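Sequence plus the predicted model coming up.
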Amino acid sequence: MRIGFSFYNSYIILSFTILSVALFQIINFAISLHSMEDIAVTNTNVHSDNYKTNDNDIPNENRKWCPNAICTTRQNCEPCKQKYLFILGQARSGTTTIKNMLNFLPNIRIRGEFSERISFYIGMETMMDVSYVKPKSAMIDTFGHYTYPANHLLCTTQKFVEELNPSPLVSSTYDDENVLHSPSTIIGFKEVHRLTYFIKTLVRNFPCSRYIFSIRSNETALSLSRSKFIDGASQKYKTVPTMYDKMVNVLGPNRVYLMDIDEWSKGNGSHFTDLSSWLGFKNCLYDGVRHDNVNGFDSSDKQLFLSNDCHYEK
């Protein structure tokens, strides 16, 4: 009896575990699919006119960087004052090299991955967006609150990213606000994790942003590299290419760019010269390419010189 009872309990526990895992995967897939589908329909930061669309909108002072963006003021926040650049890519597709190659350009500062560090904030923003935008009950109730205004976390999200990407010229006291948050500087980060979870957050909260999508078109080589250097890599190959297609359809080719490691890694730097031109830089001629993480996670010590006349054309 004890053996049968123990076996029965084990069977119930195993069945419950399998069902829980399956349910978790279904929920994750649904959330990811919902986020991808919502990119086009919830992007309130894109408009056919560069100028005011309502009383709270201000002229876009960075129209060259983010044309057609809607810059809605909130309190003391100027949403299009800072230029943002995000590198989103497949794991093992050269995102670290792209980041480091771009950081040779003047007044550009792209930091590494946030990964799990930012997932809490993105989760908080998603929770507020999905579950509590419209109050279900009176203010006096446990979860009571007034209705959140549109893009209520826009300023907070930008500040969050800025504070985690400080200028090297700023001391630990952060006493020079002009240096830390200079609107002439292009800042951002690169990421390969949880892309479908926070892509909508980026589009919504960073109206003056551009995106570089990094892929490896050779699926076999990508799979081999992942299996060799990444434990439990689960990102589907088509996730990033599909995301690129959707984003370029929403924001346009002047704000969305594609980099394929199978192309630029065999060149002499010309692909990055073209990329710098797309970003708005002039006379920035790359004479080579770094190869970061080529043997796993080793950093390259290759330095490049882009000429004294390399500059961003405002």
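Yep, that arrived.

and residue 268, how far is that from residue 288?
6 Å (C-beta to C-beta, to the nearest Å). C-beta coordinates here come from the backbone N, C-alpha and C atoms, glycine included.

Would you state the strands of the stretch 51-200 of the chain in chain order?
Along the stretch 51-200 of the chain, the stretches classed as strands by DSSP state E, counting those that start in this stretch are 83-89, 108-111, 186-191.

out of these, nearest to residue 278?
When these are compared by C-beta to C-beta, strand 83-89 sits nearest residue 278, at 10.9 Å.

Next, the contact list for residue 215, please.
Residues in contact with residue 215 (C-beta atoms under 8 Å, 6 or more residues apart in numbering) are 89-90, 93, 240-241, 244, 258-261.

Please name the bridge partners of it.
Counting by DSSP bridges, residue 215 is bridged to residue 260.

Could you tell me the per-residue confidence at it?
pLDDT for residue 215: 96.

I'd like the numbering to begin with 735 instead of 1 from here.
That works, and once the first residue is 735, the last one we named lands at residue 949.

What about the residue nearest to residue 847 when sequence neighbours are not counted, how many residues nearby?
Once flanking residues are discounted, residue 847 sits nearest to residue 925: 5.2 Å by C-beta to C-beta, 6 or more residues apart in numbering. Number of residues near residue 925 (other C-beta atoms under 10 Å) recorded here: 20.

Ok, residue 816 next?
If you count neighbours by other C-beta under 10 Å, residue 816 ends up with 22.

next one: the one 10 residues further on
Here the number of neighbours of residue 826 (other C-beta under 10 Å) works out to 25.

Equivalent analysis for the one 3 residues further on, please.
Number of residues near residue 829 (other C-beta under 10 Å) recorded here: 27.

cool, residue 1009 as well?
If we define neighbours as other C-beta under 10 Å, then residue 1009 has 20 of them.

shouldn't it be in contact with residue 948?
No - when contacts are counted by C-beta atoms under 8 Å, residue 1009 is not listed as touching residue 948 (11.1 Å).

anything in contact with each of these two?
Taking C-beta under 8 Å, 6+ apart as the criterion, residue 1009 and residue 948 both touch residue 993.

Domain-wise, how is this protein divided?
Using automatic domain parsing, the domains assigned to the chain come out as 735-776, 820-903+911-1046.

Lowest average confidence across those, which one?
Ranked by mean pLDDT, these bottom out at domain 735-776, with a mean of 46.

need the helices for the stretch 785-934 of the chain, in chain order.
829-836, 850-864, 888-897, 911-914, 929-939 (DSSP state H, counting those that start in this stretch).

got a list of what residue 925 touches?
Contacts of residue 925 by C-beta under 8 Å, 6+ apart are 820-823, 829, 847-849.

tally of neighbours for residue 833?
23.

hang on, I meant residue 1027
Residue 1027: 17 surrounding residues under other C-beta under 10 Å.

Look up how far residue 1015 lies from the spatially closest residue to it that is not a sequence neighbour.
Leaving aside its chain neighbours, residue 1027 sits nearest to residue 830 (5.3 Å; criterion: C-beta to C-beta, 6+ apart). Note on residue 830: its distance to residue 1015, by C-beta to C-beta, is 21 Å.

And residue 993, by the same measure?
Distance of residue 993 to residue 1015, given as C-beta to C-beta: 16 Å.

Return the set of buried residues in the host helix or strand of residue 977.
Residue 977 belongs to helix 973-985 when assigned by DSSP states H and E. Neighbour-count burial for helix 973-985 flags 973-974, 977-978, 980-982, 984-985 (criterion: 16 or more other C-beta atoms under 10 Å).

quick one: the strands in the stretch 935-1048 of the chain?
Counting by DSSP E, counting those that start in this stretch, residue ranges of the strands within the stretch 935-1048 of the chain are 943-949, 990-994, 1015-1016, 1045-1046.
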